[in-house]
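**Q** 3D, please:
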Amino acid sequence: MKFVFIAYDEAHDPHVLKVLHDAGVQNYTRWLEVQGRGNSGGPHLGTPVWPKRNHALVAAVEDEQAAQIVEAIRSLRQTLTLKGLKAFVLPLEEVT
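**A** From the prediction side, this is the model:
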């Protein structure tokens, strides 16, 4: 199993949720309006100076689903030139 963490500009929410749906992921945890800063998108702090915000999402998925999610995120980043969209995949040892 894998632990997939996705951090993204709030505007990309429909794209990210579609990626999960297409990969057959039904269970996830999503945090709305989180703050952060990345290399490509600049600060997302929800302030008058930096008004954009991020969302974050995490899912425990099978290895095949993780690969499908990563490929879809990679494709979105290239074809739609979406800034502020990153996926991180880590090994998941146990779910209780």
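**Q** and the lowest-mean-pLDDT helix or strand in the chain, what's buried?
**A** Lowest on mean pLDDT, DSSP states H and E among the helices and strands of the chain sits strand 42-44, with a mean of 70. Residues residue 44 are the ones in strand 42-44 that count as buried (16 or more other C-beta atoms under 10 Å). All C-beta atoms are positioned from the backbone trio N, CA, C, and that covers glycine.
**Q** below-threshold pLDDT in this structure: ranges please.
**A** 40-41, 46, 50-51 (pLDDT under 70).
**Q** which helices and strands sit right next to the longest helix seen in it?
**A** In the chain, with assignment by DSSP state H, the single longest helix is helix 63-79. Contacts defined by 3 or more C-beta pairs under 8 Å, 6 or more residues apart in numbering; DSSP states H and E place helix 63-79 against strand 2-9, helix 13-22, strand 85-91.
**Q** ok, and what's touching it?
**A** 1-2, 4, 6, 12, 15-16, 19-20, 22-25, 59, 61, 82, 85-87, 89 (C-beta atoms under 8 Å, 6 or more residues apart in numbering).
**Q** run the last query once more with 7 Å
**A** By C-beta atoms under 7 Å, 6 or more residues apart in numbering, the residues outside helix 63-79 that reach it are 1-2, 4, 6, 15, 19, 22-25, 61, 82, 85, 87, 89.
**Q** buried only: go through those residues for me.
**A** Here, 16+ other C-beta under 10 Å leaves 2, 4, 6, 15, 19, 23, 25, 61, 82, 85, 87, 89 buried among the contacts of helix 63-79.
**Q** surely residue 30 and residue 57 touch.
**A** Yes. Counting by C-beta atoms under 7 Å, residue 30 does reach residue 57; the two are 4.5 Å apart.
**Q** quick one, which of these two is more surrounded?
**A** Higher neighbour count among residue 30 and residue 57: residue 57, with 21 against 15, using other C-beta atoms under 10 Å.
**Q** quick one: contacts for that one?
**A** 6, 16, 28, 30.
**Q** could these go into JSON lines alongside distance to residue 76?
**A** Shown next, in JSON lines, are the contacts of residue 57 (distance: C-beta to C-beta, whole Å):
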{"residue": "6", "distance to residue 76": "11"}
{"residue": "16", "distance to residue 76": "8"}
{"residue": "28", "distance to residue 76": "17"}
{"residue": "30", "distance to residue 76": "17"}
